[in-house]
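Visitor: Sequence plus predicted model, see below.
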Amino acid sequence: MNRVLFICIHNSARSQMAEAFLRLYGGGEFEAESAGMEPRPINKLVVEAMTEEGVDLSGKTSKSVFELFRKGRLFDYVVTVCSESVEESCPVFPGVTHRLHLPFPDPAGFTGSVDEKLVKIREVREAIKARIQEFIAWVRGGSAGWLGDSWQMGK
């Protein structure tokens, strides 16, 4: 079982979507969790966008990455889905085999009407879904070789 932690700033959008897609497409080979540096409630528009994919995030709550760290949780992969500046401040988890960085725009910063924000969130959702499917293939291939243009190996 591959243990994967997705980290973003608030654990209210990107990391929640990544966790959900890994659970959906991972075929039981992955234990997925997500957490944030500054946890906030799940973005209601993200809940709506994920419902369109058949994924219910309405009962999810945000978790603190630091609480998981303090509990000594171990992960095979830690995947940051936030900006470079935030990725650098993420804690180093003991036993991590791979640390990967997948930057996506933060839905919390989207402006416009509800419909305009939802269009942008759907674009992020589709990008996350595609990268999670690539991640699954990469892990199944032995975590070696090409990672794609947006994959960045961490420290």
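Guide: Received the coordinates, thanks. Residues are numbered from 1 along each chain as shown.
Visitor: could you list every residue that touches Tyr77?
Guide: Counting by C-beta atoms under 8 Å, 6 or more residues apart in numbering, Tyr77 makes contact with 2-5, 96-100, 139. Every residue, glycine included, has its C-beta placed from N, CA and C.
Visitor: Please pick the buried ones from these.
Guide: 2-5, 98-100, 139 (16 or more other C-beta atoms under 10 Å).
Visitor: I'd like to know which of the contacts of Tyr77 are part of helices.
Guide: Val139 (DSSP state H).
Visitor: And the contacts of Tyr77, which is the shakiest by pLDDT?
Guide: Among those, Val96 carries the weakest pLDDT, at 65.
Visitor: before we move on, could you check phi and psi at the residue of the chain most remote from its centre?
Guide: Distance from the centre of the chain peaks at Ser113, with 25.2 Å (C-alpha atoms, centre = their mean). Main-chain dihedrals, Ser113, degrees, to the nearest 10: phi -70, psi 170.
Visitor: Please report how far it lies from Ser34.
Guide: 28 Å (C-beta to C-beta, to the nearest Å).
Visitor: for the closest residue to Ala20 other than its chain neighbours, what are its contacts?
Guide: Nearest non-adjacent residue to Ala20, counting by C-beta to C-beta, 6 or more residues apart in numbering: Val55, 4.7 Å away. Val55 makes contact with 20-21, 24, according to C-beta under 8 Å, 6+ apart.
Visitor: Pipe these into a markdown table and attach distance to Leu74 per row.
Guide: Shown next, in a markdown table, are these (distance: C-beta to C-beta, whole Å):
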| residue | distance to Leu74 |
| --- | --- |
| Ala20 | 22 |
| Phe21 | 22 |
| Leu24 | 23 |
